[in-house]
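J.: the following comprises the amino acid sequence and a computationally predicted model.
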Amino acid sequence: MIKYFRTDDKKLHEETDVQNGVWIQMINPSVAEGKQIAEMLDVDIEDVLAALDEEESSRIELEDGYTLILVDIPSIEIRHEKESYTTIPLGIILTADEIVTVCTEDTPVLQAFLNNRVREFSTKKKLRFVYQILYRIAVLYQSDLRIIDKMRTEIEERVGDDTEEVDLIALHELESTLVYFATSLRANGVVLDRLTRYKRLEQYPEDKELLGDVIVENKQAIEMTVIYRDIINGTRELLSSVIDNRMNNIMKSLTVITLIMAIPTVISGIYGMNVSSEWVPLANTAHGFAIVCGIMVVICVVILLWLRKKRIL
């Protein structure tokens, strides 16, 4: 899908074709649409469709007549019938008169511009537009990181009798997401570092200040990722310890039960041997069976009291 937008009088309007100062938004474009834009702007088709490859890494390339900027942005995908976070590429192509954004989905990063929620936004100030996009990306990372931390907190609150192995799996998925975030944020940081030396398009003092804010927000997102990953790792170890301790308690209880049940088994086994009754104690005594059963109960109770005194039970 291809749409054209242009700002006039600080308001965004949709256009029908390409003109100076236009923003070309491409959402999951087909190869034919990519060729159309590539021929129209004299851009390499591979650069136009680069963002459609999920394995593309963040980078900035200076070509003849245009600049390609690739960054990773956070996205939501369905994994194991649940919403999980991942990262996808966002391509930005700067030409002399136009700016093109390419992504596989309608990301919230660009929706903020379409809904006129970004101050001092103009499609004609292309470099500032790029910095505003990068700023929104860093802010979205931080927002998603806070949501991930809330998910971790909910799992941590269930630590105890309600702890299940599914919580360990959920923590592992959150930790994997943070690894993807950290990798993408560091790659985006390299792109931002290169943009500080970008001289192809004119930069205003406000643009340089905005780029500085973007770098700060990106570094903060990296720090949040590292901190949350360490916390999740500690929570995962805590859950593992709780589950292991629960298993140990179960094994200890089974061991005690086996020990107690062994006593009647041994005594009944001795009395069940096929020998002369004169050698078996209480064999010819009135109420001998009840006396033997009582002795077994007393022995079991004594052992239970001893185990409790030793805090084994």
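T.: Received, thanks.
J.: which non-adjacent residue is nearest the spatially most central residue of the chain?
T.: Centroid-nearest residue in the chain: Thr177, 2.9 Å away (criterion: CA atoms, centre = their mean). Setting aside the residues directly before and after it, Thr177 is nearest to Tyr85 in space (CB to CB, 6 or more residues apart in numbering), at 4.7 Å. Heads up, the C-betas are built off the backbone N, CA and C, glycines and all.
J.: could you do Val190 as well?
T.: Using CB to CB, 6+ apart, the nearest residue to Val190 is Ser58, at 6.8 Å.
J.: same check on Asp149?
T.: That would be Tyr228: by CB to CB, 6+ apart, it lies 5.3 Å from Asp149.
J.: mind listing what that neighbour touches?
T.: If you count contacts by CB atoms under 8 Å, 6 or more residues apart in numbering, Tyr228 has them with 145, 148-149, 152, 178.
J.: which one of those has the most neighbours?
T.: Neighbour counts for the contacts of Tyr228, by other CB atoms under 10 Å, peak at Leu178, which reaches 25 neighbours.
J.: ok so that one is a helix residue?
T.: Yes: counting by DSSP: H, G, I helix; E, B strand; the rest coil, Leu178 is found in a helix.
J.: contact partners for it?
T.: When contacts are counted by CB under 8 Å, 6+ apart, Leu178 is found next to 145, 148, 225, 228-229, 232.
J.: could you dump those residues to JSON lines with secondary structure, distance to Leu68 and pLDDT?
T.: Listed next are these as JSON lines, based on DSSP: H, G, I helix; E, B strand; the rest coil; distance: CB to CB, whole Å; pLDDT from 0 to 100:
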{"residue": "Leu145", "secondary structure": "helix", "distance to Leu68": "28", "pLDDT": "92"}
{"residue": "Ile148", "secondary structure": "helix", "distance to Leu68": "30", "pLDDT": "90"}
{"residue": "Thr225", "secondary structure": "helix", "distance to Leu68": "26", "pLDDT": "92"}
{"residue": "Tyr228", "secondary structure": "helix", "distance to Leu68": "32", "pLDDT": "90"}
{"residue": "Arg229", "secondary structure": "helix", "distance to Leu68": "31", "pLDDT": "89"}
{"residue": "Ile232", "secondary structure": "helix", "distance to Leu68": "35", "pLDDT": "84"}
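J.: would a markdown table of the residues you listed with distance to Arg246 be doable?
T.: Output for the contacts of Leu178, formatted as a markdown table (distance: CB to CB, whole Å):
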| residue | distance to Arg246 |
| --- | --- |
| Leu145 | 31 |
| Ile148 | 26 |
| Thr225 | 31 |
| Tyr228 | 26 |
| Arg229 | 26 |
| Ile232 | 21 |
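J.: picking that back up, would you mind confirming that the residue nearest to Val190 makes contact with Arg194?
T.: No: using CB atoms under 8 Å, Ser58 makes no contact with Arg194, being 10.2 Å away.
J.: out of the two, which sits in the busier spot?
T.: Set Ser58 next to Arg194 and count neighbours by other CB under 10 Å: Ser58 wins out with 22 against 14.
J.: so who does the more buried one touch?
T.: By CB under 8 Å, 6+ apart, the contact list for Ser58 reads 70-72, 89, 184, 187-188, 190-191.
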